[in-house]
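Q: here is the input, now give the coordinates:
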Amino acid sequence: MEKKELVFITGNSDKAKYLADFFHRPITHKKLDLPEIQSLDLREVVEDKARRAFAEVGAPVLVEDVSVIFEALQNLPGPFIKWFEKALENEGICRLLDGTLNRKATVEVMFGYCDGDNVQMFSGWSRAGSLIIRSAKGDSGGTRYSSTKDLKRPERR
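A: Numbers count the residues shown, from 1 in each chain. The predicted structure follows:
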């Protein structure tokens with residue numbers, strides 16, 4: 001059976017390199033400026049993004065998105081975390097929790113693979129009693145989030 005080319009939709013070449021190293025195979029990446037639906041449900045966001053990316057590229061695609069939810073903020077900012085980071089920066093996000101004792105947070109990374117017919121979802125998450133957002137960027141180019149618990153194994157959804 002012939003392997004179809006997989007296109008990872010990201011503007012971050014470091015993420016693409018990390019993924020290629022993880023899979024031990026070259027991964028084509030493409031930056032697309034896709035509209036994103038407005039939803040606090042990460043699964044809805046990733047599924048829609050995967051379908052839009054496939055329609056644009058015409059080949060199997062892999063997309064990724066991140067959600068950070070704080071219990072004290074009634075599950076905000078969720079998938080809007082990148083916009084919160086852009087507007088408030090890391091210190092401003094932490095300041096949103098000032099005055100509350102509940103600093104519990106969940107960070108979830110979700111991937112969506114679309115072959116044109118189906119979207120398969122994979123995710124991993126970490127729950128923390130107290131989330132520390134570091135200003136240094138991680139190896140994959142994203143903000144580092146430290147927690148008191150280990151990242152759970154990826155789960156197929």
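Q: only C-alpha atoms from now on, for both contacts and neighbour counts.
A: OK.
Q: correct me, but residue 126 touches residue 69?
A: No. Counting by C-alpha atoms under 8 Å, residue 126 does not reach residue 69; the two are 10.7 Å apart.
Q: who touches both of the two?
A: Residues touching both residue 126 and residue 69 by C-alpha atoms under 8 Å, 6 or more residues apart in numbering: 106, 107.
Q: show me where the chain has strands.
A: Applying DSSP state E to the chain gives strands spanning 7-9, 28-30, 61-70, 76-78, 105-114, 119-128, 132-137, 143-146, 155-156.
Q: okay if I get those as CSV plus distance to residue 37?
A: Below are the strands of the chain laid out as CSV (distance: least, C-alpha to C-alpha, whole Å):
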stretch, distance to residue 37
strand 7-9, 16
strand 28-30, 20
strand 61-70, 12
strand 76-78, 13
strand 105-114, 15
strand 119-128, 16
strand 132-137, 26
strand 143-146, 22
strand 155-156, 22
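Q: let me have the ones you listed in TSV, extended by mean neighbour count.
A: Listed next are the strands of the chain as TSV, based on neighbours: other C-alpha atoms under 10 Å:
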stretch	mean neighbour count
strand 7-9	24
strand 28-30	18
strand 61-70	23
strand 76-78	19
strand 105-114	22
strand 119-128	19
strand 132-137	14
strand 143-146	16
strand 155-156	12
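Q: let me have those strands in JSON lines, extended by distance to residue 91 and mean pLDDT.
A: JSON lines is the format used below for the strands of the chain (distance: least, C-alpha to C-alpha, whole Å; pLDDT from 0 to 100):
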{"stretch": "strand 7-9", "distance to residue 91": "29", "mean pLDDT": "94"}
{"stretch": "strand 28-30", "distance to residue 91": "31", "mean pLDDT": "91"}
{"stretch": "strand 61-70", "distance to residue 91": "15", "mean pLDDT": "94"}
{"stretch": "strand 76-78", "distance to residue 91": "14", "mean pLDDT": "93"}
{"stretch": "strand 105-114", "distance to residue 91": "16", "mean pLDDT": "94"}
{"stretch": "strand 119-128", "distance to residue 91": "18", "mean pLDDT": "89"}
{"stretch": "strand 132-137", "distance to residue 91": "8", "mean pLDDT": "48"}
{"stretch": "strand 143-146", "distance to residue 91": "12", "mean pLDDT": "48"}
{"stretch": "strand 155-156", "distance to residue 91": "31", "mean pLDDT": "48"}
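Q: all good on my end, thank you.
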